[in-house]
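Undergrad: Just need the structure, nothing else, for what follows:
(one chain, ligands or ions: 2)
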Amino acid sequence: MKHGIYYSYWEHEWSAKFGPYIEKVAKLGFDVIEVAAHHINEYSDAELAAIKQSAIDNNIILTAGIGPSKNSYLSSPDAAVRAAGKAFFEQTLTNVAKLDIKTIGGALHSYWPVDYSQTVDKEGDWARGVEGIHGIADFANNLGINLCIEVLNRFENHVLNTAAEGVAFVKQVDKPNVKVMLDTFHMNIEEDSFGDAIRTAGTLLGHFHTGESNRRVPGKGRMPWHEIGTALREINYTGSVVMEPFVKTGGTIGSDIRVWRDLTNGADEAKLDEDARHSLAFSRFVLGG
Ligand SMILES: O=C(CO)[C@H](O)[C@H](O)[C@H](O)CO
Ligand SMILES: [Mn+2]
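TA: Ligands and ions are numbered 1, 2, ... in the order given. As a prediction, the model looks like this:
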């Protein structure tokens, strides 16, 4: 099991450059950095080559997270938006592959976060989502990339809220590189049992996000980490466990994640780093790896 952190922990914008964080997370002892792919198409090839080299030099694996935009996503009822979604993914995956990234996770079938001022069509969005992911799966596979479909809580998406729904969706897509992704923050809201949810995902679990119920770093709250670690060991999970803490207010990250109070307790960057390092030690101990 490899342990990582989403660089957005330190940032306010999904557009923030991720290159400089590789050395930082390596120094903190992580194996993996997760980067936001939302704006990767704005990076030049030279920039991507330098980032790839930095990852090699620092012995860091990159994974990617993404929340597709409402203008271009795979399950839209509007065929033009679906086509734009496919084109966006093909360009994004091409650039993601330039960083040797093998895992991209998020609500890839949908857009994020969902706008609930509009009518919800769960059945239609599910069916179009399955078709949309099916339609980009081989493209991703040819680049060596796994598509990890994140199960989110009801306030962020309506299609996949539980591990059982994630498994059903991924089985309908029926492609070897399309997997289920779970996140303890969302599971805490939707699942009856953390252990059962992880066992339900089983061998289909492709990526795993961690965070406390208020999205502080693992170890600062009341998540049942022992139960989670036991279940991950039971299913012989060998993928990445990426902590996804969101503790800062402000910017697009603060508003998309609904961080309306300072969860850092006024921490400066050095203190945020220290919290991440402690949480990594805690995560390795309780989850394995
Ligand atoms: O858990 C999440 C949102 O609540 C997601 O992992 C990411 O934040 C999202 O896909 C954007 O990268
Ligand atoms: Mn997540």
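Undergrad: which residue ranges form the strands in the protein?
TA: Using DSSP state E, the strands of the chain run over 2-6, 32-36, 61-65, 103-106, 146-150, 178-183, 205-210, 240-243.
Undergrad: nearest spatial neighbour of whatever residue of the stretch 51-200 of the chain ends up closest to ligand 2, skipping sequence neighbours?
TA: When scored by C-beta to the ion, the stretch 51-200 of the chain has residue 183 as its residue closest to ligand 2, at 3.7 Å. Where C-beta positions appear, they are placed from N, C-alpha and C, glycine not excepted. Leaving aside its chain neighbours, residue 183 sits nearest to residue 209 (3.6 Å; criterion: C-beta to C-beta, 6 or more residues apart in numbering).
Undergrad: Burial check on that neighbour, number of neighbours?
TA: By other C-beta atoms under 10 Å, the residues close to residue 209 number 24.
Undergrad: Would you agree it is in contact with residue 185?
TA: Yes - Residue 209 is within contact range of residue 185, at 7.2 Å (criterion: C-beta atoms under 8 Å).
Undergrad: Show me whatever sits in contact with both of the two.
TA: Counting by C-beta atoms under 8 Å, 6 or more residues apart in numbering, the common neighbours of residue 209 and residue 185 are residue 244.
Undergrad: re earlier: want to try JSON lines for the strands of the chain, with distance to ligand 1 and mean pLDDT as columns?
TA: JSON lines is the format used below for these (distance: least, C-beta to the nearest ligand atom, whole Å; pLDDT from 0 to 100):
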{"stretch": "strand 2-6", "distance to ligand 1": "7", "mean pLDDT": "98"}
{"stretch": "strand 32-36", "distance to ligand 1": "6", "mean pLDDT": "98"}
{"stretch": "strand 61-65", "distance to ligand 1": "4", "mean pLDDT": "98"}
{"stretch": "strand 103-106", "distance to ligand 1": "3", "mean pLDDT": "98"}
{"stretch": "strand 146-150", "distance to ligand 1": "5", "mean pLDDT": "99"}
{"stretch": "strand 178-183", "distance to ligand 1": "5", "mean pLDDT": "99"}
{"stretch": "strand 205-210", "distance to ligand 1": "5", "mean pLDDT": "98"}
{"stretch": "strand 240-243", "distance to ligand 1": "9", "mean pLDDT": "98"}
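Undergrad: Pipe the ones you listed into JSON lines and attach distance to residue 262 per row.
TA: As requested, those are exported to JSON lines (distance: least, C-beta to C-beta, whole Å):
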{"stretch": "strand 2-6", "distance to residue 262": "19"}
{"stretch": "strand 32-36", "distance to residue 262": "22"}
{"stretch": "strand 61-65", "distance to residue 262": "23"}
{"stretch": "strand 103-106", "distance to residue 262": "26"}
{"stretch": "strand 146-150", "distance to residue 262": "26"}
{"stretch": "strand 178-183", "distance to residue 262": "22"}
{"stretch": "strand 205-210", "distance to residue 262": "21"}
{"stretch": "strand 240-243", "distance to residue 262": "19"}
